[in-house]
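> sequence unavailable; structure follows:
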């Protein structure tokens, strides 16, 4: 699986909201773009997708902007990526033993491996919430260790 630029930007934007959650009121798209270095027009599209997924809510008008819909402890990295990139899988190969997926030599074994790898990726991303990532970014928790 490859995390797209869109997925990365979505995570960075929500991390920014989590890091500045103690600030009063909604955060404008411009402020998020300035803090994260992300292009504002693209960020606006991403935030709309995140809003549609129920991860942020917006307020219009003066003093408007975006806030997290739920507490940072309740938003998993996998949810953010899925909201903008779709389901976390290694590909669209079908499932073993369904719809003729095993019609060719060895294909069923590979399909099972790809499915397991996608499940491992999702489980890994499920292990991080915005709160844990914010703690790491602030130096209050250890850096993620490499997976063997």
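Ah, there it is. Since this is a predicted model, take the numbers as computed values, not measurements. Numbers count the residues shown, from 1 in each chain.
> what helix or strand is the residue nearest to residue 15 when sequence neighbours are not counted on?
Once flanking residues are discounted, residue 15 sits nearest to residue 133: 5.7 Å by CB to CB, 6 or more residues apart in numbering. C-beta here means a position set from N, CA and C on the backbone, and glycine is covered the same way. According to DSSP states H and E, residue 133 maps onto helix 130-137.
> got the contact list for that helix?
11, 14-15, 17-19, 68, 71-73, 75, 77, 141-144 (CB atoms under 8 Å, 6 or more residues apart in numbering).
> 6 Å instead, please
14-15, 18-19, 72-73, 75, 141 (CB atoms under 6 Å, 6 or more residues apart in numbering).
> and the residue nearest to residue 15, how many neighbours?
20 (other CB atoms under 10 Å).
> and the gap between it and residue 54?
19 Å (CB to CB, to the nearest Å).
> same question, residue 21
Residue 21 is 17 Å from residue 54, by CB to CB.
> residue 65 now?
17 Å.
> where do the helices of this protein begin and end?
For the chain, helices defined by DSSP state H occupy the ranges 5-19, 29-36, 40-52, 77-85, 107-126, 130-137.
> by contact count, what packs against the fourth one?
So the one you mean is helix 77-85. helix 5-19, helix 107-126 (3 or more CB pairs under 6 Å, 6 or more residues apart in numbering; DSSP states H and E).
> for the last one, packing partners?
Right, helix 107-126. Going by 3+ CB pairs under 6 Å, 6+ apart, helix 107-126 lies up against helix 77-85.
> quick one, the helix it packs on and helix 40-52 angle?
Angle, helix 77-85 to helix 40-52, by axes from the mean of the first three to the mean of the last three CA atoms, to 10 degrees: 120 degrees.
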